[in-house]
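Peer 1: predicted structure and sequence below. I'll ask about it afterward.
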Amino acid sequence: RDNLCRQSERCVLLGGISAEWRLEMIDLRAALRRLTLVSAVCILSVAGRQAAGAAQPSNVMLVASPETSSNSALLDVTADEQLHVVVSDGPQDERGISVFVHSSSGELVCRDDPDGSPREMRCQPPAAGKYYVRVQNSGSVARTIRVEVEQLRGQPEGRSEFATVRVQFATNREAVDDGFFGSVGSRRLTYGQSEVSIPREHRMGELEGPSILRLQWRSKPSEHIQVLSVRAEPEAQFWARLRSRVAASKERETLLFVPGFNVTFEDALRRLAQISYDLAFDGPVVLFSWPSAGSMSPLAYQRDVRSADAAAESLAQLLEGMTREAPNASVHIIAHSMGNRVLTTALQRLETKAGPTLRQVAMMAPDVDRELFEQIAPRIAKTARRTTVYASSRDIPMVLAGVQAGAPRAGAVNGNPVAVKGVDTIDVSEVETSRLGLFHSYYGDNSSVLADLFWLMRGKAPQDRFGLEPVDSPGHPYWRFRPKAR
């Protein structure tokens with residue numbers, strides 16, 4: 001029912017519609033007789049899609065019933081326009097409304113700011129095109145929402161120049177003098193919290209930082225994703241904070257991120273903040289930072305291999321704590337590159353006959369021996385409802401890691417990607433990603449991959465996610481992004 005208003009239909013959706021079947025009729029009266037209305041009406045204009053050059057609406061009204069999700073009509077937005085969403089009634093301080101802006105292809109381009117006004121948001125899409133607004137009402141009363149296309153304007157008076165993402169962390173790094181954590185390993189876990197800025201002009205998939213080309217020498221929170229604070233705290237306070245945030249989230253969920261090779265503690269905080277913001281993740285986000293040297297040299301790679309192996313016990317300890325201290329939470333994991341080496345070892349220690357304890361495990365560009373992964377994957381898959389591997393033939397660090405290790409990696413594609421029963425494999429070779437990242441950071445810098453993660457975290461299977469197509473292979477079928485995915 002969330003997809004009732006599709007690209008092929010020009011419609012205005014007023015509230016949520018309860019229907020057990022897909023709307024396929026163009027006769028409005030016949031359709032209405034077969035729909036169960038829950039304070040909602042969908043008005044279809046057949047002429048609107050048949051007449052050439054028919055104008056799209058410039059504003060719509062939504063009435064979001066309690067515990068429903070509603071989509072607006074497609075709205076045309078030019079390069080000098082933005083979308084303005086206003087919650088026009090209901091309690092001023094109630095945050096039961098969540099707002100998301102998607103492109104016509106379903107990619108998430110904007111979300112509401114948890115630190116901003118609960119009554120309005122503005123979104124400047126990354127390019128001219130057609131967009132729709134999805135409104136989720138988790139409150140107890142119906143709300144009316146107005147969506148308008150308006151000319152770009154300056155910063156609203158009194159509005160902060162940046163949003164703030166709060167990241168909890170657990171690390172087996174030793175602390176250094178500046179309050180951060182260095183590359184020396186520790187035998188104990190340190191817990192804490194950090195605050196990271198997201199600029200208002202943030203673009204999905206961008207990890208904004210100072211650029212010499214733009215003559216920027218220092219990081220500014222209004223322009224860059226910047227770590228504002230890092231505070232260690234007692235373990236009991238960490239778990240209490242996690243439980244509180246899980247309880248306050250709509251889906252009772254939390255996201256754990258395990259970064260890869262050549263990632264410092266600070267860079268991992270910045271990347272997790274960017275990903276969680278782009279995914280519109282509602283629950284608490286947790287970073288497990290293991291002591292990578294933060295260097296690209298071959299010697300640093302071998303050092304990181306040893307550090308990753310030694311960190312598996314600490315990650316297993318953290319995962320056991322998350323399932324123990326927040327037993328009703330849905331735990332999602334995103335691991336990247338060598339972080340998957342840490343994760344796979346930790347998950348083998350969590351293997352249980354009681355059923356999966358995790359929800360979604362996304363293994364991005366796993367720097368794990370391919371043959372070894374094929375052997376252990378069935379055991380790992382038992383720990384989660386769904387395990388997904390993302391791999392690419394263009395990933396240069398994966399090729400170099402295979403040369404360094406003397407064996408191909410699970411995150412590389414040479415012919416067919418690794419495909420194992422019980423694990424979904426996604427070939428991302430066709431997506432456009434940053435050359436500066438050597439085609440290795442697609443998990444955070446490509447909007448198509450981020451959109452796929454968005455729907456993965458919401459429990460959708462590959463066949464129900466936009467942009468993927470099935471591929472038969474001799475071993476086991478897998479999925480791939482359609483050519484020229486951007």
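Peer 2: That came through fine.
Peer 1: quick one, strands of the stretch 1-150 of the chain?
Peer 2: 11-14, 17-18, 36-37, 41-44, 59-64, 68-71, 75-77, 81-87, 97-103, 108-111, 120-123, 129-137, 143-151 (DSSP state E, counting those that start in this stretch).
Peer 1: JSON lines for these, including distance to Arg385?
Peer 2: Every C-beta, even on glycine, is put in place using the N, C-alpha and C of the backbone. Shown next, in JSON lines, are the strands of the stretch 1-150 of the chain (distance: least, C-beta to C-beta, whole Å):
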{"stretch": "strand 11-14", "distance to Arg385": "30"}
{"stretch": "strand 17-18", "distance to Arg385": "26"}
{"stretch": "strand 36-37", "distance to Arg385": "30"}
{"stretch": "strand 41-44", "distance to Arg385": "32"}
{"stretch": "strand 59-64", "distance to Arg385": "28"}
{"stretch": "strand 68-71", "distance to Arg385": "21"}
{"stretch": "strand 75-77", "distance to Arg385": "35"}
{"stretch": "strand 81-87", "distance to Arg385": "33"}
{"stretch": "strand 97-103", "distance to Arg385": "23"}
{"stretch": "strand 108-111", "distance to Arg385": "22"}
{"stretch": "strand 120-123", "distance to Arg385": "32"}
{"stretch": "strand 129-137", "distance to Arg385": "22"}
{"stretch": "strand 143-151", "distance to Arg385": "32"}
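Peer 1: minimum distance to Val227: which of the ones you listed has it?
Peer 2: Checking the strands of the stretch 1-150 of the chain against Val227 by C-beta to C-beta gives strand 108-111 as the closest, at 21.2 Å.
Peer 1: and that closest one, which strands flank it?
Peer 2: strand 97-103 (antiparallel) (DSSP bridges).
Peer 1: using the three-state scheme, assign Gly205.
Peer 2: Classification of Gly205 using DSSP: H, G, I helix; E, B strand; the rest coil returns coil.
Peer 1: for the strands of the stretch 1-150 of the chain, which one sits closest to Pro378?
Peer 2: Of the strands of the stretch 1-150 of the chain, nearest to Pro378 by C-beta to C-beta is strand 108-111, at 32.4 Å.
Peer 1: list the buried residues in the closest one.
Peer 2: Within strand 108-111, the residues that count as buried by 16 or more other C-beta atoms under 10 Å are 108-111.
Peer 1: now swap in stretch 72-84 and tell me
Peer 2: Neighbour-count burial for stretch 72-84 [16+ other C-beta under 10 Å]: 72-75, 77, 81-84.
Peer 1: give the residue spans of this protein that score low on pLDDT.
Peer 2: 1-57, 89-95, 113-118, 153-160, 213-214, 351-355, 434-437, 484-486 (pLDDT under 70).
Peer 1: grab the most central residue of it for me.
Peer 2: Per C-alpha atoms, centre = their mean, the C-alpha nearest to the average position across the chain is that of Leu279, at 3.1 Å.
Peer 1: enumerate every residue touching the residue lying closest to it once chain neighbours are set aside.
Peer 2: Closest residue in space to Leu279, ignoring its immediate chain neighbours: Phe454 at 5.3 Å, by C-beta to C-beta, 6 or more residues apart in numbering. By C-beta atoms under 8 Å, 6 or more residues apart in numbering, the contact set of Phe454 is 108, 279-280.
Peer 1: out of these, which one sits closest to Val147?
Peer 2: Nearest to Val147 among these: Leu108, at 16.0 Å, using C-beta to C-beta.
Peer 1: what about that closest one, distance to Val63?
Peer 2: Using C-beta to C-beta, to the nearest Å, we find Leu108 at a distance of 23 Å from Val63.
Peer 1: just flag the most distant two among the buried residues of strand 108-111.
Peer 2: Pairwise over the buried residues of strand 108-111, using C-beta to C-beta, the maximum falls at Val109 and Arg111, 8.7 Å.
Peer 1: quick check: neighbours shared by the two?
Peer 2: Val101.
Peer 1: can you give me the helices in this protein?
Peer 2: Using DSSP state H, the helices of the chain run over residues 28-33, 46-50, 235-248, 265-278, 298-325, 339-350, 370-381, 396-405, 442-445, 447-457.
Peer 1: which ones are touching the closest residue in space to Ser337 that isn't next to it in sequence?
Peer 2: Once flanking residues are discounted, Ser337 sits nearest to Gly260: 2.6 Å by C-beta to C-beta, 6+ apart. The contact partners of Gly260, by C-beta under 8 Å, 6+ apart, come to 292, 335-340, 365, 367.
Peer 1: ok, which pair from those residues is furthest apart?
Peer 2: Going by C-beta to C-beta, the pair spanning these furthest: Ser292 and Ala365, at 14.9 Å.
Peer 1: looking at these two, which is more packed in?
Peer 2: Neighbour totals were compared for Ser292 and Ala365, and Ala365 leads with 30 against 27 (other C-beta atoms under 10 Å).
Peer 1: report the contact partners of the residue nearest to that one when sequence neighbours are not counted.
Peer 2: Sequence neighbours aside, Gly411 is the residue nearest to Ala365 in space, at 3.8 Å (criterion: C-beta to C-beta, 6+ apart). Residues near Gly411 by C-beta under 8 Å, 6+ apart: 337, 340, 363-368, 389-392, 395, 398.
Peer 1: from these, which is closest to Met204?
Peer 2: For the contacts of Gly411, the nearest to Met204 is Met364 (16.7 Å; C-beta to C-beta).
Peer 1: any idea how far Ile275 is from that closest one?
Peer 2: Noted for Met364: a distance of 10 Å to Ile275, by C-beta to C-beta.
Peer 1: need the residues touching each of the two.
Peer 2: 334, 443.
Peer 1: look at these two and report which has more neighbours.
Peer 2: Met364 (27 against 23).
Peer 1: and that one, how far from Asp472?
Peer 2: In terms of C-beta to C-beta, Met364 sits 24 Å off from Asp472.
Peer 1: who does Leu62 form a beta bridge with?
Peer 2: Ile145.
Peer 1: now the end-to-end length of stretch 441-460.
Peer 2: 23 Å (C-alpha to C-alpha, to the nearest Å).
Peer 1: give the buried residues for it.
Peer 2: Neighbour-count burial for stretch 441-460 [16+ other C-beta under 10 Å]: 441-457.
Peer 1: please apply the same query to stretch 207-216.
Peer 2: For stretch 207-216, by 16+ other C-beta under 10 Å, it's 207-208.
Peer 1: who touches that stretch?
Peer 2: Taking C-beta under 8 Å, 6+ apart as the rule, stretch 207-216 contacts 199, 202, 217-219, 223-225, 270-271, 274, 444-445.
Peer 1: what about 10 Å?
Peer 2: The contact list for stretch 207-216 (C-beta atoms under 10 Å, 6 or more residues apart in numbering) reads 197-199, 201-202, 217-220, 223-226, 267, 270-271, 273-275, 434, 437, 441, 444-445.
Peer 1: which PyMOL command selects the buried ones in the residues you listed?
Peer 2: Of the contacts of stretch 207-216, the buried ones go into a single PyMOL selection, burial set by 16+ other C-beta under 10 Å:
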select buried, resi 197+198+199+202+223+224+225+226+267+270+271+273+274+275+434+437+441+444+445
